[in-house]
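Student: What follows is a predicted protein model with its sequence.
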Amino acid sequence: MIEKFFVDQGVKRVELEEYLAKEMENAGFTKSQIVKTPLVTRIIVNVTKPGLAIGKSGATIRGITETIAKRFGIENPQLEIKEIPIPELDATAMVNKIKALIEKGFSWRSVAYRTVKDIEARKPQGIELLLSGKLTGKGGRKRRARIAVGYMKKVGDQVKLVDFAKATAYPKPGAIGIKIRIVKPDTVFPDKISIAEVLRQRKQALEKKTSQAMQAGEAQKQDESIKEATAGEAVIEIEQHAVQKELPQAKQKEPTKTLGQKKKENEETEKK
């Protein structure tokens with residue numbers, strides 16, 4: 001059945017995501033994307049450290065590509081490593097960083113506040129970091145900590161515009177759940193849009209297009225006038241050349257007068 005096919009494809013997709021996350025954990029893996037083409041199957045992998053993902057002379061990426069082809073049955077897989085330009089504004093990258101540092105034995109408090117400070121340096125609209133679990137150490141009760149900065153959307157369809165990620169760290173005292181939400185600087189929520197501002201921007205864009213069209217029309221007219229002037233000069237040169245060419249021929253065609261004719265013309269002029 002067609003439903004079973006799509007379910008199998010979804011399961012393979014999840015297994016591939018988990019495999020890439022495990023193999024490229026040190027490279028700062030965040031997510032992957034599969035793009036199928038007629039010749040190859042491109043797998044775009046987003047990481048924070050592309051050097052560690054590629055490996056020495058491409059050894060790591062070659063080994064992962066071969067494993068994907070054999071284990072997941074993907075024909076002609078081609079891995080494409082894509083670097084995340086600003087890791088501090090990527091929720092998945094930040095939650096993985098917090099998880100790794102807590103599991104290494106660092107204090108959750110110093111890690112959490114340091115991470116929020118690094119994100120805040122990139123000037124996002126809002127940050128929310130939640131930690132819950134064994135925060136008090138061995139023998140202590142579980143508790144919950146929340147660090148919030150700026151503006152945050154929690155309900156409604158606008159939550160889709162908030163970058164969200166979660167993970168679970170497993171230090172020695174016990175498990176700690178981590179959730180982080182980031183509202184990026186360029187995010188525009190529908191309820192924050194001003195109609196007057198939108199109309200003003202559209203008016204400016206229309207005026208800009210009109211001025212560009214007028215400038216293009218003036219430039220075209222100048223080009224046409226230059227072409228006409230050049231064509232007129234060319235016609236005048238051709239006419240002058242033709243006249244100069246015809247003068248010698250006209251002189252040659254004039255009949256030669258005899259001495260008697262010249263003497264007769266002189267007498268006529270004297271009588272007059």
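Tutor: The structure has been received and is ready for your questions. Numbers count the residues shown, from 1 in each chain.
Student: State the number of residues packed around Ile43.
Tutor: Ile43 has 21 neighbouring residues, counting by other C-beta atoms under 10 Å. Heads up, the C-betas are built off the backbone N, CA and C, glycines and all.
Student: Also Lys209?
Tutor: Lys209 has 10 nearby residues by other C-beta under 10 Å.
Student: ditto for Asn76
Tutor: For Asn76, using other C-beta under 10 Å, the count is 11.
Student: OK, contacts around it?
Tutor: By C-beta atoms under 8 Å, 6 or more residues apart in numbering, the contact list for Asn76 reads 39-41, 69.
Student: State the pair within these that is farthest apart.
Tutor: Leu39 and Ala69 (14.4 Å; C-beta to C-beta).
Student: between these two, who's got more neighbours?
Tutor: Ala69 (14 against 9).
Student: A helix includes the more buried one, no?
Tutor: Yes - secondary structure assignment (DSSP: H, G, I helix; E, B strand; the rest coil) places Ala69 inside a helix.
Student: contacting residues for it?
Tutor: Contacts here follow C-beta under 8 Å, 6+ apart; on that basis Ala69 touches 75-77.
Student: Tell me which of these fall in strands.
Tutor: Pro77 (DSSP state E).
Student: As CSV, the contacts of Ala69 with pLDDT would be great.
Tutor: Conversion of the contacts of Ala69 to CSV gives the following (pLDDT from 0 to 100):
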residue, pLDDT
Glu75, 82
Asn76, 85
Pro77, 85
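Student: Quick check: of the contacts of Ala69, which lies closest to Gly140?
Tutor: Ranked by distance to Gly140 (C-beta to C-beta), those are led by Pro77 at 47.2 Å.
Student: Helices of the chain, residue ranges please.
Tutor: Using DSSP state H, the helices of the chain run over 2-23, 50-54, 59-71, 91-103, 108-120, 195-253, 259-271.
Student: Which residue lies nearest the spatial centre of the protein?
Tutor: Pro85 (11.2 Å; C-alpha atoms, centre = their mean).
Student: Look up phi and psi at that one.
Tutor: phi -70, psi -40 (degrees, to the nearest 10).
Student: State the pLDDT value of it.
Tutor: pLDDT for Pro85: 87.
Student: show me where pLDDT drops low in the stretch 1-150 of the chain?
Tutor: Regions of the stretch 1-150 of the chain meeting the criterion pLDDT under 70 cover residues 1.
Student: Check the stretch 151-272 of the chain too.
Tutor: Across the stretch 151-272 of the chain, the ranges flagged by pLDDT under 70 are 221-264, 266, 269-272.
Student: Mind doing that once more with 90?
Tutor: Scanning the stretch 151-272 of the chain for pLDDT under 90 picks out 153-158, 171-174, 186-272.
Student: what about Gly133, how many neighbours?
Tutor: Using other C-beta under 10 Å, Gly133 has 20 neighbouring residues.
Student: With Ser107 instead?
Tutor: Around Ser107 there are 12 other residues, counting by other C-beta under 10 Å.
Student: The one 10 residues further on now?
Tutor: For Lys117, the count of nearby residues is 13 (other C-beta under 10 Å).
Student: surely Gly174 meets Lys134?
Tutor: Yes - proximity of Gly174 to Lys134 meets the contact threshold set by C-beta atoms under 8 Å, at 3.1 Å.
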